[in-house]
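In: Just need the structure, nothing else, for what follows:
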Amino acid sequence: MVRNANIRSLMSQPNENIPRTVRRMASYLRPHWKAQLGAVVASLVTVGAELPAPLLLKALVDDVAIGGDLSLLPPLLIAIGALAIAGAVGGVAANYLFTSAGEQAANVLRRALMDQVLRLPLAYFRGHRTGDTVTHFTADSAAIAEAYENAYGNGLAAAISVLGIVIVVAIIDWRFGVLAAVLVPLYMLLPRLRQGHHVRAAQSVQSATGELGGLATELIAGMRDIRAFNRQAWSLERLRRLLLALRDARVYQGFIVGWTWVTTTIFWIVYAGIFLVLAEPIFGGEVTIGFALALAGYLSWLNREVTPLTMAYVDLLHAVGAARRLFGFLDTPAEDDAGDGTSLAVTRGDIEFRGVSAAYLADTPVLRDVSFHVPGGSTTAIVGPSGAGKSTVVNLLLRFLQPSAGEIRLDGQNTGSASATEVRRHVGVVFQDPVLFHGSIADNIGFGREGIGQREVARAADIAAATDFVKATRDGFDTQVGERALRLSGGQAQRIAIARAIAGDPRVLVLDEATSALDAESEHLVLQGLERAREGRTTIVVAHRLSTVHQADQVVVLDEGRVLDVGRHGELYERCDLYRDLCDRQMQPATEGRDA
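Out: Now for the predicted structure:
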């Protein structure tokens, strides 16, 4: 019994158009037709070398062993050896070329997956687990790669062998040739009748694997919290339920695949029947022993080739299940990055929101008719209670989200007319919890601009007040930060993020609560870097702490997705009740602490 509801629903889904999916899978192989053609030629060489083997065995038995003509022995042995070598060379070449074409096609598919990941809107990742997306690169693409090599490669080689065997058997005795020609389609009939079950079973396995990957990613990322709250048993129970679902899915798949081996049983029944028919002619002298052995060899070979041919078809059906998941991901609408091709000429960094409204869900607006102006070279703080729309302003400016109404202008130019790539070229950003990639400090600073030189990396680090701590490390800018920057303190990682943001020399700098997760000492050091980074740039600061608001040229107060007021800190504290309340609440804990 399958315990996971998602997997049960997959098993009960109606069968879709399998040929269409197979054709789409094959489309990734077409550019590598030369390797495939070479593999087919090599397979023909292999089959051509192996086909005479039973006939040579017939000659050895009938003419040499029984007939006593020893003069035929040397040429027969030489022929067997030469054909064996030719068959081995052809087999190695065919396997190499099929694998090469399959891996190249699979890598093209994986690159398409990464291209899709890079183009998907960020909203997609908020609604899907990371582990499930990663599974498209691992389990799903691996199943398709296996199909390229086994189904398309080994299956085609087996098909060539089967065709050659049927032709030779027909030449030896047309009656057995007709029998072989009839048996092969019968062998393929069972998996063909159950192809829908194979596809659904494969989808259920891939879905369970994706859920397992998602859970593992979540548990590993949350290991500190799991241990802090002693939730190890809870974690293991969640894992146990998913492992049971995966086990059930694989058992179901194994049960479906098991039916394929019925074809082998059918073959041996037919095989026994043939030799019952041949028994009397053999003992009566009408058919030679060599003929019987040659026929047995061809029919046994036929069985050996039909079995991988059948399994290749099963592998193809399993790949179809994985491909449906993968192609569904590839067909997800990507981020609209095109614009109308406008290039932005940005010199001042003047920003204006004009009547901007935005929503993550169609019927739930998060910003309503927002308008404000940020003069070039100035610093504007965006404040407001949780859910007021502060981060949405950042997402709109970086084109992570498109406005549903209104427009955003940069130096008087509508950013909606330019591509997202063009807009982001002029905007540097420092997030609250920046991601530093596994690599050196220099690599992470250079991430802010492609092709940046060592001198420019050092300059960006100097502006961000990161030079002192970088030089204090053993390897300087070559110091490895570790996965998720675990080898750096929070303040150090944040200063590297600031250096990265300004490495591309953007005219606009966005600080999205860049110091809210730091202690006072780290915040002081980071603020020094921010002060230098803001020089000559338009800066938008999304902040809760007043330490980053006091120095702003203006403050925009948001509430429930609307602009409540705009002004300097002192002015707003006097006239804006919400702003005063936010300031007083932030100062209250410190006051209470001093009184205590």
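In: pLDDT value on residue 366, please?
Out: Residue 366 is assigned a pLDDT of 90 by the prediction.
In: check contacts around it.
Out: Listed by Cβ atoms under 8 Å, 6 or more residues apart in numbering, the contact set of residue 366 reads 358, 359, 360, 389, 392, 561. For the C-beta atoms, the positions are set from N, CA and C on the backbone; glycine is no exception.
In: does residue 550 really touch residue 569, like I thought?
Out: Yes - the pair residue 550 and residue 569 passes the contact test of Cβ atoms under 8 Å, sitting 5.6 Å apart.
In: Which of these two has more residues huddled nearby?
Out: Shown here are residue 550 and residue 569; by other Cβ atoms under 10 Å, residue 569 has more neighbours (18 against 12).
In: which SS class is residue 382?
Out: Under DSSP: H, G, I helix; E, B strand; the rest coil, the three-state class of residue 382 is strand.
In: What about it, how many residues nearby?
Out: Neighbour number of residue 382 under other Cβ under 10 Å is 28.
In: Could you say which helix or strand holds residue 305?
Out: helix 289-330 (DSSP states H and E).
In: tell me the helices in the stretch 1-150 of the chain, going along the chain?
Out: 5-12, 18-27, 33-50, 53-59, 73-119, 122-127, 130-135, 141-146 (DSSP state H, counting those that start in this stretch).
In: no wait, the stretch 151-300 of the chain
Out: Counting by DSSP H, counting those that start in this stretch, the helices of the stretch 151-300 of the chain are 155-172, 174-193, 195-221, 223-228, 232-258, 262-284, 289-330.
In: Nearest to residue 55 among these would be which one?
Out: helix 289-330 (5.8 Å; Cβ to Cβ).
In: So what angle separates the directions of the closest one and helix 232-258?
Out: Interaxial angle, helix 289-330 versus helix 232-258 (axes from the mean of the first three to the mean of the last three Cα atoms, to 10 degrees): 140 degrees.
In: what sits up against the next helix or strand after helix 289-330?
Out: Later in the chain than helix 289-330, the nearest helix or strand by DSSP H and E is strand 351-361. Residues from elsewhere that reach strand 351-361, judged by Cβ under 8 Å, 6+ apart: 123, 365-374, 376, 389, 392-393, 395-397, 401-410, 412, 508, 538, 540.
In: coming back round to it: go through the helices of the stretch 151-300 of the chain and name the closest to residue 53.
Out: helix 289-330 (7.1 Å).
In: Counting by contacts, list what that closest one packs against.
Out: With contacts taken as 3 or more Cβ pairs under 8 Å, 6 or more residues apart in numbering; DSSP states H and E, helix 289-330 sits against helix 18-27, helix 53-59, helix 73-119, helix 141-146, helix 155-172, helix 174-193, helix 195-221, helix 262-284.
In: of all those helices, which lies closest to residue 294?
Out: helix 53-59 (4.0 Å).
In: list the helices and strands that closest one packs on?
Out: helix 73-119, helix 289-330.
In: Nearest residue to the middle of the chain?
Out: residue 137 (3.4 Å; Cα atoms, centre = their mean).
In: That residue against residue 111, yeah?
Out: No - using Cβ under 8 Å, residue 137 is not in contact with residue 111; the gap is 10.5 Å.
In: Quick check: end-to-end length of stretch 437-457?
Out: Stretch 437-457 has its terminal residues 16 Å apart, counting by Cα to Cα, to the nearest Å.
In: What mean pLDDT does it get?
Out: Here the average pLDDT along stretch 437-457 is 84.
In: Kindly report the same for stretch 381-396.
Out: Per-residue scores along stretch 381-396 average to 89.
In: from the chain's centre, how far out does it sit?
Out: With Cα atoms, centre = their mean, to the nearest Å as the basis, stretch 381-396 stands 32 Å off its chain's centre.
In: same check, this time on stretch 323-342
Out: 14 Å.
In: Show the end-to-end separation of that stretch, please.
Out: Start-to-end, stretch 323-342 (Cα to Cα) is 37 Å.
In: and what of stretch 384-397?
Out: End to end - Cα to Cα - stretch 384-397 spans 18 Å.
In: what's the answer for stretch 330-344, then?
Out: Counting by Cα to Cα: the opening and closing residues of stretch 330-344 are 31 Å apart.
In: Can you give me the neighbour number for residue 423?
Out: 24.
In: Report the contact partners of it.
Out: Per Cβ under 8 Å, 6+ apart, neighbours of residue 423: 344, 398, 399, 410, 415.
In: Let me see the backbone angles for the fourth one.
Out: With angles defined as degrees, to the nearest 10, residue 410 shows backbone torsions of phi -120, psi 110.
In: isn't it right next to residue 346, touching?
Out: Yes - between residue 410 and residue 346 there is a contact under Cβ under 8 Å: 5.8 Å.
In: okay, and the common contacts of those two?
Out: 426, 508.
In: Looking only at neighbour counts, state which of those two leads.
Out: residue 410 (26 against 22).
In: Quick one: residues contacting that one.
Out: So residue 410 contacts 344, 346, 349, 350, 351, 423, 426, 508 (Cβ under 8 Å, 6+ apart).
In: Tell me the one of the residues you listed nearest residue 105?
Out: residue 423 (35.2 Å).
In: Please, which helix or strand holds that closest one?
Out: Assigned by DSSP H and E, residue 423 falls in helix 420-424.
In: now that helix, how far from the centre of its chain.
Out: 24 Å.
In: which ones are touching the residue nearest to the centre of the chain?
Out: 110, 113, 114.
In: Next one: the first one from residue 163, what distance?
Out: Going back to what we said before, that points to residue 110. Distance check for residue 110 against residue 163: by Cβ to Cβ, to the nearest Å, it reads 34 Å.
In: Those two: who's more crowded?
Out: residue 110 (19 against 14).
In: Relative to residue 355, how far out is that one?
Out: From residue 110 over to residue 355 (counting by Cβ to Cβ), the distance is 43 Å.
In: go on, residue 541?
Out: 23 Å.
In: got the buried residues for the helix holding residue 423?
Out: 420, 422, 423, 424 (16 or more other Cβ atoms under 10 Å).
In: Dump those into TSV; add pLDDT as well.
Out: TSV is the format used below for those (pLDDT from 0 to 100):
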residue	pLDDT
420	84
422	86
423	88
424	86
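In: export the helices of the stretch 1-150 of the chain to TSV and tack on distance to residue 231 and mean pLDDT?
Out: Shown next, in TSV, are those (distance: least, Cβ to Cβ, whole Å; pLDDT from 0 to 100):
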stretch	distance to residue 231	mean pLDDT
helix 5-12	24	46
helix 18-27	41	84
helix 33-50	51	85
helix 53-59	64	77
helix 73-119	30	86
helix 122-127	24	78
helix 130-135	19	79
helix 141-146	32	82
